[in-house]
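Student: mind looking at a prediction? Sequence and model below.
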Amino acid sequence: MLDILYRDSRTIAVNKPAGMLVHRSWLDRHETQFVMQTLRDQIGQHVYPAHRLDRPTSGVLLFTLDPEAACLLTQQFEQKTTRKTYWAIVRGYLPDDGLIDYPLKYQPDKIAESQTEATLQEAQTQYRCLARTELPFQSAARYPTSRYSWAELIPHTGRKHQLRRHMKHIFHPIVGDTNYGDLRQNHATAAHLGTTRLMLHARSLSFQSIENGETLTVCADTDESWRIWLGTFEA
């Protein structure tokens, strides 16, 4: 059962679990569980995705209950009138705040867009450090301890893997990122804390209601891996 965070006559938001695909994909033909189909069966009606989250990312995921509402919400994302806030655990001590303004090369689909040129696209991510911690285990040969930051990330553009690529660019990769992260850090945190997932969580999403135009903000709680990490910042 998915955790339903918000529902009205035209939209529904759920807390997507880490590791779950939003919908069927030819890349993962062996998978049998998808958020879209699970939610459809749970509420007994069709749902339409308004946006997406990468498979390893958890948090707020918004659907609509009719095709027209899906078009209207998609326009909000395209026109950048929505606001998405993410939490991440990153390697090292992150500066208090800043803006990453660094173009990213478009990553075309290897099959569907095999002829598409990989051009540079503008990309901006705002960040803020919420807390820092130093843990008593070694994850790099030069240091006896390991430092991490709890970050708030707000993407101003929506490029593929933007947050993960931007954090790598400023040398603060997200813990658990197997594509852009620090594998030695990942192995160390798995061994000492027992967490293996990508520590990226879609904490909140603000959008305009299709029903009445009011601004709605939906927030998603974190899972057990996050509770383990957040406990290290409180210690």
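Tutor: That came in fine, so what should we check first? Please read these numbers as outputs of a predicted model, since none were measured by experiment. Numbering: from 1, shown residues only.
Student: just the helices in the protein please.
Tutor: 35-43, 67-78, 162-169, 183-193, 224-234 (DSSP state H).
Student: other SSEs contacting the first one?
Tutor: Think helix 35-43. Packing contacts for helix 35-43, counted by 3 or more C-beta pairs under 8 Å, 6 or more residues apart in numbering; DSSP states H and E, involve strand 11-16, strand 58-64. In short, each C-beta sits where N, CA and C put it, glycine included.
Student: what's the most buried one of these?
Tutor: Ranked by mean neighbour count, those are led by strand 58-64 with a mean of 26 (mean count of other C-beta atoms under 10 Å).
Student: so what's the residue count around residue 225?
Tutor: 22 (other C-beta atoms under 10 Å).
Student: the residue nearest to it when sequence neighbours are not counted and residue 165, how far apart?
Tutor: Residue nearest to residue 225 in three dimensions, not counting chain neighbours: residue 195, with 4.2 Å by C-beta to C-beta, 6 or more residues apart in numbering. Separation of residue 195 from residue 165 (C-beta to C-beta, to the nearest Å) stands at 22 Å.
Student: if we can go back for a sec, go through the helices and strands packed on helix 35-43 and name the closest to residue 36.
Tutor: Across the helices and strands packed on helix 35-43, residue 36 has its closest neighbour in strand 58-64 (7.4 Å, C-beta to C-beta).
Student: what's the closest non-adjacent residue to residue 222?
Tutor: Nearest to residue 222 is residue 201, by C-beta to C-beta, 6+ apart, at 5.7 Å.
Student: would you confirm that the one you found contacts residue 219?
Tutor: No: Residue 201 is beyond contact range of residue 219, at 10.6 Å (criterion: C-beta atoms under 8 Å).
Student: report the contact partners of the nearest residue to residue 129 once chain neighbours are set aside.
Tutor: Spatial nearest neighbour of residue 129, excluding adjacent residues (C-beta to C-beta, 6+ apart): residue 94 at 4.3 Å. By C-beta atoms under 8 Å, 6 or more residues apart in numbering, the residues touching residue 94 are 127, 129, 132, 149, 151, 172.
Student: out of the residues you listed, flag the one nearest to residue 6.
Tutor: Distances from residue 6 to the contacts of residue 94, taken by C-beta to C-beta, are shortest for residue 151, at 25.0 Å.
Student: that closest one: how many residues sit nearby?
Tutor: By other C-beta under 10 Å, 24 other residues sit near residue 151.
Student: what does the model give it for pLDDT?
Tutor: Note for residue 151: predicted pLDDT of 98.
Student: for residue 127, see how far away it is.
Tutor: From residue 151 to residue 127 the distance is 6 Å (C-beta to C-beta).
Student: check residue 172 too.
Tutor: Per C-beta to C-beta, residue 172 is found 9 Å from residue 127.
Student: comparing these two, which residue is more hemmed in?
Tutor: Taking neighbours as other C-beta under 10 Å, residue 172 and residue 127 compare with residue 127 leading, 26 against 23.
Student: mind listing the residues bridging to that one?
Tutor: For residue 127, the beta-bridge partners are residue 98, residue 153 (DSSP bridges).
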